[in-house]
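Novice: Build the 3D model from these lines:
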Amino acid sequence: MKKGVTFCEVGEQFSDFLLIKSSTRGTASNGKPFLTLMLQDQSGEIEAKLWDAGPEDETTYKAENIVKVLGDVQSYRGRQQLKIKKIRPSTDTDSVSIADFLETAPQPKEELMDEINSCIFEMKNSNLQRVTRHLVKKHQVAFLEYPAATKNHHEFVSGLAYHVVYMLKLAKSMCSIYPSLDADLLYAGVILHDLGKTTELSGPISTQYTVEGNLIGHISLMVTEIADAAKELDIHTEEMTMLQHLVLSHHGKGEWGSPKPPMLKEAEILHYLDNIDAKMNMMDRALERTKPGDYTERIFALDNRKFYKPFYQNQS
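Specialist: Numbering: from 1, shown residues only. Predicted structure coming up:
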């Protein structure tokens with residue numbers, strides 16, 4: 001098994017440095033305050049409770065601070081939780097930095113950008129190509145660094161670009177099987193569908209929703225950006241409306257956050273590709289931390305299901 005807090009088994013003791021991803025204040029049934037800490041290293045994250053937390057603790061144990069923790073790994077409602085025995089903030093003499101604790105995409109960001117640019121280059125529709133290239137260039141630094149979400153899937157450094165690259169691989173396969181699909185429109189939709197998250201989210205460290213993210217959201221933000229880019233590039237064609245529709249509808253249903261349901265073939269496929277890659281990422285990462293013959297933790301975003309890891313799949 002790999003090293004890291006998420007690879008610890010229930011009953012094991014953990015002692016090492018961790019980064020505080022988030023810190024939330026609560027009040028226990030006895031009226032005393034406590035902090036819910038989400039702690040992380042490069043393997044992932046684990047929740048911990050800091051009981052009887054005073055005002056000083058809220059300052060000491062806030063997001064983006066590094067702490068040394070001693071605790072026991074327990075199971076609570078189907079998920080691992082760290083029961084803290086000792087905790088202290090890191091000091092300069094500990095020689096640790098935030099970068100030591102950030103989970104990153106399995107591929108270097110330069111490779112991810114090369115694959116995205118390759119798909120843009122393949123586009124035959126110059127209008128879709130120009131708008132896509134324009135917006136990717138505008139947000140390139142954040143695009144290659146940001147996660148795809150605050151939790152559930154691809155919530156790691158470069159997760160957004162990694163998610164897009166694997167959706168592009170799926171899109172290529174779908175277009176080869178179903179040649180009636182407009183490959184250029186589908187590629188553009190894949191590349192741009194979540195690009196608004198570079199405004200919606202705060203960044204790759206202790207990721208939170210920004211004011212724009214909470215009040216407007218990445219879908220509406222990107223629909224506006226596509227319109228602005230088309231105006232700046234003097235493009236006034238039907239493809240821009242089609243592309244905006246793909247972004248608007250990629251969550252599939254109103255209750256899932258889409259202002260419009262998919263009404264184009266490419267929009268329907270984009271929704272499925274997004275769903276497939278997000279769910280595969282959640283399952284793969286959970287199963288990676290699971291021994292053969294055991295079940296994963298319950299995955300809230302997958303209907304709170306747990307998944308079994310067969311023995312035979314790990315036999316050489």
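Novice: wait, what's in contact with Lys260?
Specialist: For Lys260, the set of contacting residues under the criterion of Cβ atoms under 8 Å, 6 or more residues apart in numbering consists of His245, Leu248, Ser249. (Each C-beta comes from the backbone N, C-alpha and C, glycine too.)
Novice: got it, and Leu221?
Specialist: With Cβ under 8 Å, 6+ apart as the criterion, the residues that contact Leu221 are Gly196, Thr199, Glu200, Glu212.
Novice: Among these, the buried ones, what's the PyMOL command?
Specialist: Selecting just the buried residues from the contacts of Leu221 in PyMOL takes one command, with 16 or more other Cβ atoms under 10 Å as the test:
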select buried, resi 196+199+200
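Novice: any chance of the contacts of Leu221 in JSON lines, with pLDDT too?
Specialist: Below are the contacts of Leu221 laid out as JSON lines (pLDDT from 0 to 100):
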{"residue": "Gly196", "pLDDT": "98"}
{"residue": "Thr199", "pLDDT": "97"}
{"residue": "Glu200", "pLDDT": "98"}
{"residue": "Glu212", "pLDDT": "97"}
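Novice: from the contacts of Leu221, which single one is nearest Glu103?
Specialist: Taking Cβ to Cβ as the measure, Glu103 sits nearest to Glu200 out of the contacts of Leu221, at 19.9 Å.
Novice: What pLDDT is listed against the closest residue to that closest one other than its chain neighbours?
Specialist: Counting by Cβ to Cβ, 6 or more residues apart in numbering, Gly213 is the residue found nearest to Glu200 once chain neighbours are left out, at 3.4 Å. In this prediction, Gly213 carries a pLDDT score of 97.
Novice: And for Glu103?
Specialist: The predicted local distance difference test score for Glu103 is 89.
Novice: Also Ser316?
Specialist: On pLDDT, Ser316 comes in at 50.
Novice: Pull out the buried residues from the longest helix along the chain.
Specialist: Counting residues, the longest helix in the chain under DSSP state H turns out to be helix 265-288. By 16+ other Cβ under 10 Å, the buried positions in helix 265-288 come out as 266-271, 273-274, 277-278, 281-283, 285-287.
Novice: to the chain's geometric centre, what's the distance from it?
Specialist: Remark: helix 265-288 is offset 12 Å from the chain centroid, using Cα atoms, centre = their mean, to the nearest Å.
Novice: ok so, going back, how near is the residue nearest to Glu200 to Gln129?
Specialist: To Gln129, Gly213 is 28 Å away according to Cβ to Cβ, to the nearest Å.
Novice: For this protein, just list every one of the helices.
Specialist: With DSSP H as the definition, the chain shows helices at residue ranges 55-60, 109-122, 126-138, 140-145, 159-177, 183-192, 197-200, 211-215, 218-232, 238-249, 265-288.
Novice: which residues sit against the second one?
Specialist: Contacts made with helix 109-122 from outside it, assessed by Cβ under 8 Å, 6+ apart, are listed as 105, 129, 132-133, 136, 140, 144-145, 158, 161-162, 164-165, 168, 172, 183, 187, 191.
Novice: any idea of the angle it forms with helix 159-177?
Specialist: With axes from the mean of the first three to the mean of the last three Cα atoms, to 10 degrees as the basis, helix 109-122 and helix 159-177 are set at 40 degrees to each other.
Novice: Buried ones in helix 109-122, by neighbour count?
Specialist: Applying 16+ other Cβ under 10 Å to helix 109-122 flags Lys109, Leu112, Met113, Glu115, Ile116, Cys119, Ile120 as buried.
Novice: Columns pLDDT and distance to Glu225 on top of these, output as JSON lines?
Specialist: Shown next, in JSON lines, are those (pLDDT from 0 to 100; distance: Cβ to Cβ, whole Å):
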{"residue": "Lys109", "pLDDT": "95", "distance to Glu225": "22"}
{"residue": "Leu112", "pLDDT": "98", "distance to Glu225": "21"}
{"residue": "Met113", "pLDDT": "98", "distance to Glu225": "19"}
{"residue": "Glu115", "pLDDT": "98", "distance to Glu225": "22"}
{"residue": "Ile116", "pLDDT": "98", "distance to Glu225": "17"}
{"residue": "Cys119", "pLDDT": "97", "distance to Glu225": "19"}
{"residue": "Ile120", "pLDDT": "98", "distance to Glu225": "16"}
